[in-house]
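Novice: okay, here's the prediction I keep looking at, along with the sequence it came from:
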Amino acid sequence: MRHLILIAFVVSVLVLAGCSGTPTGSFVGVEDDEPQAGAGAAPAKNYINTCTDSEDGINERIKGTVTGMLNGVKYEIEDKCIKKDYVIDYYCDGDVYKNKNFVCQCSDGACHD
C-alpha cells in the first residue's frame with residue numbers, strides 16, 4: 001500500500017511540474033543569420049531557373065550534359081551508366097532538368113547495340 005501512495009505522489013509531482021506553464025529547457029531552433037518566416041522576415045528570393053541540354057532532348061544513344069541554374073545554384077550533370085545495364089539520360093523540361101532511364105548495354109553515358 002505504501003508503494004502505491006509513493007507512486008501516486010511521484011506521478012502527481014511530475015504532472016504538476018509539467019503543467020506549470022514555465023519552460024524548463026532551452027529552445028532549439030535554427031541558428032543562422034537569415035531572418036525566419038514571420039514578422040520582420042526578408043521576402044523570398046526570386047530565382048530564375050535555366051536549363052540547357054547539349055544533346056537537345058532525350059537521346060539515350062548520345063552522351064549529353066545538362067547545365068544551368070536551379071534555385072540560385074549552378075549545376076552541370078552528365079548522362080551516365082549504372083552497372084552497364086542502363087543509362088540515365090538527363091534532359092531539360094522547360095527551365096528545369098529531369099531524367100529518364102533506359103535499359104541497354106551502356107558505356108560512357110550512352111546506349112550501344
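Specialist: Everything's here; your move. Numbers count the residues shown, from 1 in each chain.

Novice: and Lys83, how far is that from Ser107?
Specialist: As for Lys83, its distance to Ser107 is 11 Å (criterion: CB to CB, to the nearest Å). In this view, the C-beta of every residue, glycine as well, is placed from N, C-alpha and C.

Novice: which one of the two has more residues nearby?
Specialist: Taking other CB atoms under 10 Å, Lys83 and Ser107 do not tie; Ser107 has more neighbours (12 against 6).

Novice: who are the contact partners of the more buried one?
Specialist: Contacts for Ser107 (CB atoms under 8 Å, 6 or more residues apart in numbering) come out as 81, 84.

Novice: looking at it now. What's its pLDDT?
Specialist: Here the pLDDT value assigned to Ser107 is 94.

Novice: Asp113 too?
Specialist: 78.

Novice: hey, what's the nearest residue to it once chain neighbours are set aside bridged with?
Specialist: Computed as CB to CB, 6 or more residues apart in numbering, the closest residue to Asp113 that is not its neighbour in sequence is Gln105, at 7.2 Å. Assessed by DSSP bridges, Gln105 has beta-bridge partners His112.

Novice: do Lys100 as well
Specialist: Asp89.

Novice: count the residues that sit near it.
Specialist: Quick note: Lys100 (other CB under 10 Å) scores 11 neighbours.

Novice: so it sits right up against Tyr91, yeah?
Specialist: Yes. The criterion here is CB atoms under 8 Å, and Lys100 meets it with Tyr91 at 6.9 Å.

Novice: shared neighbours, these two?
Specialist: With contacts taken as CB under 8 Å, 6+ apart, Lys100 and Tyr91 have Ile58 as neighbours in common.
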